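*Asks:* below are the sequence and a predicted model; questions follow.
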Amino acid sequence: MHKEAAIREPLILGDDVTYSKISDDVLATIEGKTTKGWKILMTIAAIVGLWGVGNILYLIGTGIGTWGLNKTVGWAWDITNFVWWVGIGHAGTLISAVLLLFRQKWRMAINRPAEAMTIFAVFMAGLFPMIHMGRIWMAYWVLPLPNEFGPMWVNFNSPLLWDVFAISTYMSVSLVFWYIGLIPDFATIRDRAKSPVPKLMYSLLSFGWTGNAKAWQRFEEVSLVLAGLATPLVFSVHSIVSMDFATSVIPGWHTTIFPPYFVAGAVFSGFAMVQTLMIIVRKVMHLEKYVTIKHIEYMNIIIIVTGSIVGVAYLTELFISWYSGVEYESYAFINRFSGPYAWAYWCMMTCNVISPHLFWWKKLRTNLAFTFVMSIIVNIGMWFERFVIIVTSVHRDYLPSSWSMFYPTWVDIGVFIGTLGLFSVFYLLFLRYFPVLALNELKTILKSSGEKYKNMSDEDFKKLHPVKK
Amino acid sequence: MANSKKYWKGLEQLNNDPKFLESVNNEFPEELPIDKFLGDNETLENSTTSRRDFLKYLGFGVAAASLAACETPVTKAIPYITKPEEITPGKANYYASTYFDGNDFAPILVKTREGRPIHVTGNKESKLTNGAINARVAGSVLSLYDNNRYKNPMMGGNVTDWKTIDAAIKKDLAAAKNVRVLTASLVSPSTTHALSKSLGVKVYDENGNFKGIKIDNFIQLDEISYSGMLDANMASFGVRAIPTYNFEKAKTIVSVGADFMGNWLDTPMYLNDYAQTRKPDNDWMSKHFQFEANMSLSGTNADVRVPVKPSEYAAILANIYKQLGGSIDAPKTNYDAQIANAVKSLKAAKGASIVVAGNNDKDTQLIVNGINQILGNYGNTIDMNTVSKTKAGDDAKVEALIAEMNEGKVDVLAIYGVDPVFSLGEKFKAALGKVKSTISFATKANETSKACKYVCPDNHLFESWNDYNPVSNYYTIQQPTISPLFNTRQVQESCLVWAGNEDTSYYNFIKETWKNTFASELVLTPFNDFWNKAVHDGEVKMNVETGVASFNSEALAGIKVSNKPFAGDFELEITQNAAVGAGAGADNPWLQETPDPITKITWDNYVTMNPAEMKERGYNTQLGQESPANMISVTANGVTIENMPVVAQPGQARGTMGIAVGYGKVVGSMAEPTGKNAYPLVGRSATGAAYYVGATIAEVSGTYPIAATQTHQTVMGRSSVVRETTLATYKQGDKDAYNPEHKLVTHEKGEFIKKNIKEFDLWKEHPVENIGHRWGMSIDMNTCIGCSACVTACISENNVPVVGKDEVRRGREMHWMRIDRYYSTDADTEDKSIAGYRKMEDPADNPQVVHQPMMCQHCNHAGCETVCPVAATTHSNEGLNMMAYNRCIGTRYCANNCAYKVRRFNWFNYLAYDKFTEINPAQDDLGRMVLNPDVVVRARGVMEKCSMCVQRIQAGKLDAKKASTKVQDGAIQTACSGACPTNAITFGDLNDTESKINGDMNHNRAYRVIEEVGQQPNIYYLTKVRNLENNEA
């Protein structure tokens, strides 16, 4: 048995943690009774979600005019929300795929909830390109389906079409990856289940997992393959989303820096969202032993790094707009920070560029309350980043005669709030019925990184695990 | 061996049963109860149904049911029994006709499809206007299909029939001693004749013999009065008439408050002539000075515009008169330099200049006459012999009529062509109540007709025959293009009926009148030939020498000119907006939604004020969706209009305000009138209506939303959007000085070279250059005056939905073409810093103005085409950017990526959504008749935009193909180019080297908007050239 260097801080805290305790702790919510708190939260989330669904139905029934868009600003909250949700999704894949390839063991405590977040965030994201269409009932025309409409085929030049492929690929790979990881855990629940209905449900979900060595070996292999597949997706999806803007002619959109800048921004916002969720989940579900302060700190460090990349990107953009000498380009950026939407720009700058640097202080980055507040700030900042890019570029482009402002309507707001509600509904269902942490994976690091075993003397450890000669 | 076996049908046959033998000769062995069955109802009901009957019923039932199910019943389309010769479904017919509404006069061409008039353009062959129209005329066709029209005669507010109302009116007329007729200017000789038959005063000699009919009791009323000018001409020339102006010959034009391009007198007669003098490539270009308070359309086009107060107009004219050598006591003004400049230019153009003034004031107009006389303009640019008859109102007579009515002396008052309760106000309404019997000929319910006892609704002008004599020796014909839609009757026929001529149709009556009028012409030509040609051409011009009116200079003696400011906080100039006019457009949604060419505001009238003065008072000077206007109450002549929004108008003279009339009409069932009626503010007296009055204002709390289509006022120093120069620079001939090419530095063969932007290309060229057709357009910014006739014509041609004030305010008007209006700024446009840009946002105090028509640029490398995920917008092999509505899924990516922002999205279902029921005529069965059947009506959720009238291109190509010729240059006109009164818009084939557009494309002034972005548009703009010296402001 491999034993990690003592200098590394343990990833599982507590002297009493055993394999069965891990199962007990993680599965407590599934096997226990529905708590009052969950019911209250679920009710609120469901109401908000239904409110959003109602808004969407009203939107589809009446027309896009129920949003605040106009002849100049053709996209605003819709695509802002789309990019924001897609960005949030990135953390999950990054954690489970990239950190897997890099053998980062600390990922094991957070990959499941982060991936669940990814899946649900991509659901929400995918909603917006659908409902933002004027004729959603024709949405299937974006698929290259053989048809009898004559020579009608999709336009492969359009970045919006690339989006269709990027998002759907991302969605399916993430879903498969997540589900494969869930199978052994479902089997554990199945084996522990006492009443027949859950037993049946979980046995169906676990695809007849037996847990023999061959199964585990295949499981590991398939995880690696999927991680290999998902890793490029982490970079491709947001790069392609950014090309919706980068390939256009609109000053402020037409920027080659967008792909890396968007990816960094996505990871940045994704980790912030993981923080928001995990700080609550670990507390409420008593998982502090597994999702430790150390985990929180690691993620905060990633936030500093990606936040700095984003900050550099912002400044580069500004510099290049001036350096290019292009009148429209430089005006677009002057307008961003000094025009009618300067408040949004400075809100973005404060939240995304200045505030993450507070995490350089260890005291702050290991402080739960502070981290929680910061994670919210970063997500507000990232929402504004997309709003600033989309609206402030297009609201004042080439011909000043068409310059206008964008004012959201209650439907704009309702749909956005509604997706937060729907997301919460999905996430609460996940917390209640799915193994929140990858318990079987956690068990693999208990002895190498568990506090109890780390603090053990080598003799004791050898006694516990005698090496056969 | 033959088979000789015999088969029997039954035992009966074998046995030779007598019953059988009897029946064998019958076709039906049983007797059928047909007679019994069909004989009468009783037996039918009591009859027994035989097996055969049952089968018959069954068979018939099945057949009938399946036949009935085959086709949905056609409920509305009725095919021709006999197809009229000239109507071919799918093919448009054009009829020359005339538009006259009491204010605007224009010879027009009416396009009809399947018997429905759907589009109006100017009659390009007219010798009077060369086809010039304005937005009001272009939008007039919609008023034909207005559900608020009177559909039946009304008596005492109740629907009646013509017989009843005729009898009642005849009785009233017979009993009346004093009949009065209040009418718009009488331009139609036949109408005057017909009206006089029953409403005129019959004159008898001393023996009681009928001598003739006088029309002394006809009082003409122009809702916008020119009475003062007519009186001045009476004094100067002894002719109470408006002269005709020949702007084509005018090298210097000085206008003091007269908006001759927008609302003054016979605008359509001036526009084309004016445009001819604005071509910098000609030997000379006219110089246009405009002294005015409001920023008018003429002011925006002037080379030199001086903001002055209305109270100073007369003094300025007096100074010009004095400096030209006239003797007058001219008070000093603050505009010595500008006046001297104008005088210098006038002196240089003696006999080739025009001075006009907007004052409806006899004394001021006498000075104008004096100036033009000194300059020798009469007989050259101004013709007092060939006079215009479209304005003949006499304010003194109107005042006298009101007095007479108040005294109860008027027995019958017939009101034709005017809405005096609306324009003259409560005073007239009160007087109207004292008239015993009132007859209105209104086509739609208006304030006056609602107060009249009898309403004998006139046909719409597109349903009527008429003739006009707008200018001496020039006649036009108005011919019906559709049968009357409702139970209405031409006013002339009504009058003929009342005069006892029941059997004369007005059509024959006109012909009779013409036979008499043109007797001298008809010596050699048979009348029918003459008449048919007149109807075909729509006009007749006579070359008859007339006498020379002599100028009476004594009329000028003793005129006292004052420049004392008017009493009150502000001097108010009452004006009209381009689309609504004096009120003709008030109930026309197309015109209400056509933005004012200067403020770009729709669906409202408002107070215009200088922005600096507004800021001093703390009023909001910005326009925007959530940037509502402040409100004030305006009091003038003792009348207060409450809650008028105040809008910033750069160039408005300080201390002055402007308000447009024509708004505030109660239309149909709409709860609130659009805007507020400003007519009560007009000063009314026997000397003439005063449109310049002193006004006091009072602040009102609260704000008022304003719907403007353009909310940013300046071009932000973007020289590749708008290019303009001075004539001096242009004449130097250095293209780089006024229209430099866009060049990029590149590195080739070890050297840095500058290459034209056209040579850089990311993509493959569309193979359109020099192959087949390549449609394009050129827009001459020098001759475009911003009148917006093209905008309205485009709405009419392309079924553009009307979306109403609230949607326009949200920036969602659907217009396929717009006219961008930019004000110049005082800021340094080279200073591209943060502070510099901020300063550029503010227009100058007296800005120069540019009008730039903007529509889809049909880019060869269009941003919209690449981004559409479903390829709904693509490029045609004739260079057009096309839109497949059926394929569009509505992502709006194309609109975002359009650098010109010309794409329009269907935010709602404008054809059904209840928000638009009151506004969009296409939601109404009658209003839908105006839709152009060649252009599909777009569904909710799809993108639309200018198609360069592709339906007209296709039709033009077909015509050429049938004629086995190539498409002739100029044979195809888009709606906008066809409507343009100054021919500033040229459509054609860029590949046709002989075409005008090919020449324009290669012209030194030609540029493409934001060409450096590389989208390679097919629309070329020609740099605007102002007739200015380089150091002249």
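*Replies:* Perfect, thanks for sending it.
*Asks:* and for whichever residue of the stretch 101-250 of chain A sits closest to chain B, nearest residue in space, chain neighbours not counted?
*Replies:* At 1.9 Å from chain B, A:Gly134 is the closest residue in the stretch 101-250 of chain A, using Cβ to the nearest Cβ. Bear in mind the C-beta positions are built from the backbone N, C-alpha and C, glycine included. Distance criterion Cβ to Cβ, 6 or more residues apart in numbering or on different chains; nearest residue to A:Gly134, sequence neighbours excluded, is B:Gly890 at 1.9 Å.
*Asks:* same question, B:Lys170
*Replies:* Using Cβ to Cβ, 6+ apart, the nearest residue to B:Lys170 is B:Trp498, at 5.5 Å.
*Asks:* where's the closest residue to chain A within chain B, which helix or strand?
*Replies:* Of all residues in chain B, B:Gly890 sits closest to chain A, at 1.9 Å by Cβ to the nearest Cβ. Remark: B:Gly890 resides in no helix or strand, with elements defined by DSSP states H and E.
*Asks:* next one: the one 5 residues further on
*Replies:* Taking DSSP H and E as the definition, one finds B:Ala895 inside helix B:893-896.
*Asks:* please save the CA atoms from that helix in CSV.
*Replies:* Output in CSV follows, covering the C-alpha atoms of helix B:893-896 (Å, rounded to 0.1, in the frame of the first residue of the first chain):
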residue,chain,number,x,y,z
TYR,B,893,-27.3,36.5,-35.1
CYS,B,894,-27.4,38.1,-38.6
ALA,B,895,-28.9,41.3,-37.1
ASN,B,896,-26.2,41.5,-34.5
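*Asks:* quote the end-to-end distance of stretch B:849-866.
*Replies:* Stretch B:849-866 has an end-to-end distance of 35 Å (Cα to Cα, to the nearest Å).
*Asks:* what about that stretch, average pLDDT?
*Replies:* Across stretch B:849-866, pLDDT averages out at 92.
*Asks:* how about that stretch, which residues are buried there?
*Replies:* By 16 or more other Cβ atoms under 10 Å in any protein chain shown, the buried positions in stretch B:849-866 come out as B:849-866.
*Asks:* just to revisit the earlier point, quick one, what contacts the residue nearest to A:Gly134?
*Replies:* Applying Cβ atoms under 8 Å, 6 or more residues apart in numbering or on different chains, we find B:Gly890 in contact with A:64, A:133-135, B:905-906, B:941-943.
*Asks:* quick one: residues contacting residue 106.
*Replies:* Assuming you mean chain A. A:11, A:99, A:294-295, A:298.
*Asks:* you looked at the wrong chain, it should be chain B
*Replies:* B:98-100, B:122, B:129, B:132-134, B:137, B:268.
*Asks:* secondary structure class for it?
*Replies:* strand (DSSP: H, G, I helix; E, B strand; the rest coil).
*Asks:* can I get stretch B:301-321 in PDB? Just the C-alpha atoms.
*Replies:* Once non-C-alpha atoms are left out, stretch B:301-321 reads as follows in PDB (Å, rounded to 0.1, in the frame of the first residue of the first chain):
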ATOM      1  CA  ASN B 301     -30.500  71.500 -46.500                       C
ATOM      2  CA  ALA B 302     -29.500  75.100 -46.500                       C
ATOM      3  CA  ASP B 303     -25.800  76.000 -47.100                       C
ATOM      4  CA  VAL B 304     -26.100  78.700 -44.600                       C
ATOM      5  CA  ARG B 305     -28.600  78.600 -41.800                       C
ATOM      6  CA  VAL B 306     -29.100  81.400 -39.300                       C
ATOM      7  CA  PRO B 307     -31.200  80.800 -36.300                       C
ATOM      8  CA  VAL B 308     -33.400  83.900 -35.700                       C
ATOM      9  CA  LYS B 309     -36.600  84.600 -33.900                       C
ATOM     10  CA  PRO B 310     -39.800  84.900 -35.800                       C
ATOM     11  CA  SER B 311     -40.200  88.500 -34.600                       C
ATOM     12  CA  GLU B 312     -37.000  89.300 -36.500                       C
ATOM     13  CA  TYR B 313     -38.100  87.900 -39.800                       C
ATOM     14  CA  ALA B 314     -39.600  91.100 -41.100                       C
ATOM     15  CA  ALA B 315     -36.600  93.200 -39.900                       C
ATOM     16  CA  ILE B 316     -34.200  90.800 -41.700                       C
ATOM     17  CA  LEU B 317     -36.200  91.100 -44.900                       C
ATOM     18  CA  ALA B 318     -36.300  94.900 -44.500                       C
ATOM     19  CA  ASN B 319     -32.600  95.000 -44.200                       C
ATOM     20  CA  ILE B 320     -32.100  92.900 -47.300                       C
ATOM     21  CA  TYR B 321     -34.500  95.100 -49.100                       C
END
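*Asks:* centre of the chain to that stretch, how far?
*Replies:* In this view, stretch B:301-321 has its centroid 29 Å away from the chain centroid, taken as Cα atoms, centre = their mean, to the nearest Å.
*Asks:* now do the strands in the stretch 401-550 of chain B.
*Replies:* B:412-416, B:437-440, B:454-455, B:466-471, B:474-478, B:539-541 (DSSP state E, counting those that start in this stretch).
*Asks:* can I take it that A:His349 is in a helix?
*Replies:* Not His; residue A:349 is Met. Yes - checked against three-state DSSP, A:Met349 lies within a helix.
*Asks:* neighbours around it, how many?
*Replies:* 20 (other Cβ atoms under 10 Å in any protein chain shown).
*Asks:* and the nearest residue to it once chain neighbours are set aside, what does it touch?
*Replies:* The shortest distance from A:Met349 to any non-neighbouring residue, by Cβ to Cβ, 6+ apart, is to A:Tyr314 (6.9 Å). Contact analysis of A:Tyr314 by Cβ under 8 Å, 6+ apart lists A:349, A:352-353.
*Asks:* in TSV, list the residues you listed along with pLDDT.
*Replies:* Listed next are these as TSV, based on pLDDT from 0 to 100:
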residue	pLDDT
A:Met349	92
A:Asn352	90
A:Val353	90
